[in-house]
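> Sequence and predicted structure, then a few things I'm wondering about:
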Amino acid sequence: MDLLIKFLSNTGFALADPRHVVMLCVGILFIYLSIAKKYEPLLLLPIGFGIIVGNIPFFKGFGLGIYENNSVLHYLYFGVTSGLYPSIVFLGLGAMTDFSSLLARPKLMLLGAAAQLGIFVTLLGALALGFLPAEASSIAIIGGADGPTSIFLTAKLAPHLIGPVAIAAYSYMALIPIIQPPIMKLFTSRQERLIKMPEPRVPCRKERLIFPVVGTLLCCFLAPASIPLLGPFFFGNIMKESAVVERLANTARTTIIDTATIFLGFTVGASTQGDVFLTPQSVMIFCLGAVAFSFATASGVLFAKFMNLFLKEKINPLLGAAGVSAVPGSAREVHLMGLKEDPTNYLLMPAMACNSSGVIGSAIAAGVLWSLNM
């Protein structure tokens, strides 16, 4: 009987507390949204299942938890805390990215830069709420709507906030179809939403080859702390454009990025142990993340309207919402809203131009914030 009682006292049923139950429900919700609603399943499914695994109660000191040295999960989590997984993801993103639309319309780069305003507005808000500068910087980067960038910067500045920041960043990326359309509609008129973008020129191969080299030099000289992200990103892109290492480029945009995404999502989810994750601070991070993402979307749209004051050939202000770096979710939403207003208004390619410049902009912003907190 003593052995039976001891066994039962060591089960998850006996060790569970309400915080574990809450997080288990969150994990199940993420899995439901990824499968039933198809909200960013490549992100939400690994994170949701990781939340479930990370919130199964266990007795401490047995080398099971993600925060316990020498546990399997702890070793897998090293890729998050070291910034390894985000760098690998950026390598794959670069190998998948086509900069042709951006090279055809260089002025759209400004929209990717403008959408980063949400990061710095949120930084001020987080500082006002009492967060330390390093913590405020980690929270503010959520406004870039880039999960790997958020994780990378938080791992460097505030590792204790990786769970809340990562879950907030990926949650808002998955909720783009809910968050962005009302903001886009609020700040644009129907006449503006009907603006059609003309057919762009087709950049030559030489331009596509020069761009990743020049982009690396300009961006990394401007913000050297962005090298771990933008270095692999532009390297992946030049592998794609060179057409001489197709096997390597194909591996980068398939096997490598898929593997990193699996471990990144799963371990981030597993890091949200209820007794560590559920704090008033986490709630504040979620609220500030929503503010950051909303400001980023609005600032991109408003800056596009501002640009139209000086342009003879107007641009559709909806494209500003694609300036956040949630690839390709925000570009897809811009395209869908354009189609709702006019079924012949195809905005996907110019939106992808803004989207890709947003990836670069958020990485530079992360590098700037990291350097300011060194």
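Received the coordinates, thanks.
> contacts, neighbours, all on C-alpha from now
OK.
> What is the distance between stretch 322-339 and the centre of its chain?
14 Å (CA atoms, centre = their mean, to the nearest Å).
> contacts for it?
The set of residues external to stretch 322-339 that reach it, using CA atoms under 8 Å, 6 or more residues apart in numbering, is 111-116, 143-146, 173, 176-177, 180-181, 193-194, 296-297, 300, 318-319, 321, 345-348, 351-352, 354-360, 362.
> Out of those, which sit inside helices?
111-114, 173, 176-177, 180-181, 193, 296-297, 300, 348, 351-352, 354-360, 362 (DSSP state H).
> Which of the residues you listed are buried? Put it as a ChimeraX command.
To isolate the buried members of the ones in helices among the contacts of stretch 322-339 in ChimeraX, using 16 or more other CA atoms under 10 Å:
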select :111,112,113,114,173,176,177,180,181,193,296,297,300,348,351,352,354,355,356,357,358,359,360,362
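> if I read this right, G27 contacts P46, doesn't it?
No: contact criterion CA atoms under 8 Å: G27 and P46 do not qualify, at 9.6 Å.
> just how off-centre is stretch 136-147 within its chain?
That offset, for stretch 136-147, works out to 8 Å (CA atoms, centre = their mean).
> any idea of the mean pLDDT in it?
Taken as a whole, stretch 136-147 has an average pLDDT of 85.
> before we move on, what SS does F62 have?
Classification of F62 using DSSP: H, G, I helix; E, B strand; the rest coil returns coil.
> residues near L132, how many?
13 (other CA atoms under 10 Å).
> oh sorry, the question was meant for N316
24.
> who touches it in this structure?
192-197, 304.
> separation between the residue positioned nearest the centre of the chain and V202?
For the chain, the residue nearest the mean C-alpha position is D146 (1.8 Å; CA atoms, centre = their mean). Per CA to CA, to the nearest Å, D146 is found 28 Å from V202.
> what's the answer for F286, then?
42 Å.
> which other residues reach stretch 162-179?
By CA under 8 Å, 6+ apart, stretch 162-179 touches 39-40, 43-44, 138-139, 142-143, 145-147, 150-151, 154-155, 268-269, 271-272, 277, 282, 285-286, 289-290, 293-294, 326, 329-330, 333.
> Next: stretch 97-105.
So stretch 97-105 is contacted by 108-109, 200-203, 207-208, 237, 349-350, 352-354, 356-357 (CA under 8 Å, 6+ apart).
> switch to 6 Å and redo it
Here stretch 97-105 makes contact (CA atoms under 6 Å, 6 or more residues apart in numbering) with 200-201, 203, 353.
> mind putting those residues in JSON lines, secondary structure included?
JSON lines is the format used below for these (three-state DSSP):
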{"residue": "P200", "secondary structure": "coil"}
{"residue": "R201", "secondary structure": "coil"}
{"residue": "P203", "secondary structure": "coil"}
{"residue": "A353", "secondary structure": "helix"}
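> from those, which has minimum pLDDT?
Least confident entry in those, by pLDDT: P200, with 83.
> to the chain's geometric centre, what's the distance from stretch 273-285?
That offset, for stretch 273-285, works out to 20 Å (CA atoms, centre = their mean).
> Output that stretch as PDB, nothing but the C-alphas.
Presented in PDB, the C-alpha positions along stretch 273-285 are these (Å, rounded to 0.1, in the frame of the first residue of the first chain):
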ATOM      1  CA  GLN A 273       5.500  25.600 -17.800                       C
ATOM      2  CA  GLY A 274       2.500  26.900 -15.900                       C
ATOM      3  CA  ASP A 275       4.500  27.500 -12.700                       C
ATOM      4  CA  VAL A 276       7.000  29.600 -14.700                       C
ATOM      5  CA  PHE A 277       4.900  31.100 -17.500                       C
ATOM      6  CA  LEU A 278       1.600  32.300 -15.900                       C
ATOM      7  CA  THR A 279       2.600  35.500 -14.200                       C
ATOM      8  CA  PRO A 280       1.200  39.100 -14.300                       C
ATOM      9  CA  GLN A 281       4.300  40.000 -16.300                       C
ATOM     10  CA  SER A 282       3.200  37.500 -19.100                       C
ATOM     11  CA  VAL A 283      -0.200  39.100 -19.300                       C
ATOM     12  CA  MET A 284       1.400  42.600 -19.700                       C
ATOM     13  CA  ILE A 285       3.600  41.200 -22.500                       C
END
